[in-house]
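Student: structure for this input, please:
(one chain, ligands or ions: 3)
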Amino acid sequence: MQELKERIRREGQILSETVLKVDSFLNHQVDTELALRIGREFGQRFGGRGVTKVLTVEASGIQFAMAAGIALRVPFVYAKKKKAITQGEAVYAAPVYSFTRREAYQISIAEKYLGPSDRVLIVDDFLATGAALVGLADIVERSGAVLVGVGCVIEKSFQEGRFLLEERGIEVCSLARIVSMKPGEVQFAGEECN
Ligand code: G4P
Ligand code: NA
Ligand code: NA
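Tutor: Ligands and ions are numbered 1, 2, ... in the order given. Sure, this is the predicted structure:
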C-alpha cells in the first residue's frame with residue numbers, strides 16, 4: 001500500500017534495526033481515515049471469501065480489525081489479554097510468549113463469539129515474531145471455525161512471524177513489508193500482500 005509506505009518513511013522512527021515506532025499515525029495516535037483505507041485494502045483482498053468475523057488481539061490491532069470489519073460488513077472480536085471479570089464464562093484461551101517483554105501471557109475469547117459456522121480473518125498492526133497471531137490461529141482452529149487468512153498492516157519480514165504462519169498453511173497479506181531498516185532508510189519488499 002503506497003500511502004502506508006510513504007507514511008512509514010516520513011513519520012516512522014527507527015529505534016533500532018528491529019524496532020519501528022509509528023506512534024504518530026498507527027498505534028498510539030491513530031489517523032482514522034488512514035485506518036479506514038487500510039480496512040478497505042483488507043476488504044479488497046479478502047472480500048468474496050465468505051468472511052463472517054474479523055479477529056484481533058487488544059490493544060493496537062483493534063482499530064484495523066474494526067476498519068476491516070466495516071469494509072467486509074461483519075463484526076470484529078478482539079482477544080483479551082487479561083482474565084475477563086465475568087467469571088465462569090466459557091473461553092478459548094492460548095498462551096503467548098512475548099519476546100519483547102520476556103514473559104508469557106494468556107489471550108482469550110468467549111466461546112459464544114466464535115464457532116464452526118465462522119470464517120475468520122485475523123488482522124493486526126504488526127507481524128513480528130508472530131507469537132500472538134499463532135496463539136490466535138490456535139484458538140480459531142480449536143473453535144472449529146475456518147481461518148481464511150491473516151492481514152497485517154506492517155510486516156517485519158526479517159522476523160519469523162510470516163514463516164511460522166505460512167508453515168501452518170495460513171495465507172498472509174501484509175500491506176507494507178519491511179525487509180530491513182536503519183535510521184533514515186527503510187527497505188520494503190517489492191511484493192506486498194503475498
Ligand atoms: P507478535 O509478533 O506476536 O506481535 O509478538 P512480539 O513479541 O514480536 O511483539 C510484541 C509486541 O510488540 C506486540 O504488541 C507487537 O505488535 C509489538 N511490536 C513488534 N514489533 C514492533 C515494532 O517494530 N514496532 C512497534 N511499534 N511495535 C512492535 P502487543 O504486545 O501485542 O501489544 P499491543 O501494542 O497490541 O497492545
Ligand atoms: Na498488536
Ligand atoms: Na502492538
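Student: leaving out chain neighbours, which residue sits closest to residue 51?
Tutor: residue 121 (4.7 Å; C-beta to C-beta, 6 or more residues apart in numbering). Bear in mind the C-beta positions are built from the backbone N, C-alpha and C, glycine included.
Student: and the helix or strand hosting the one you found, which strands flank it?
Tutor: Using DSSP states H and E, residue 121 sits within strand 119-127. Strand 119-127 has the following strand partners under DSSP bridges: strand 53-57 (parallel), strand 146-156 (parallel).
Student: ok, which stretches of this protein are strands?
Tutor: Listed in chain order, the strands of the chain (DSSP state E) span 13-14, 20-21, 53-57, 76-79, 91-98, 103-110, 119-127, 146-156, 172-182, 185-188.
Student: would CSV of those strands with mean neighbour count, mean pLDDT and distance to ligand 1 be doable?
Tutor: Compiled in CSV, those are given as follows (neighbours: other C-beta atoms under 10 Å; pLDDT from 0 to 100; distance: least, C-beta to the nearest ligand atom, whole Å):
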stretch, mean neighbour count, mean pLDDT, distance to ligand 1
strand 13-14, 14, 96, 9
strand 20-21, 16, 97, 4
strand 53-57, 27, 98, 6
strand 76-79, 20, 98, 10
strand 91-98, 16, 94, 4
strand 103-110, 16, 95, 9
strand 119-127, 25, 98, 4
strand 146-156, 24, 98, 6
strand 172-182, 20, 97, 9
strand 185-188, 14, 96, 11
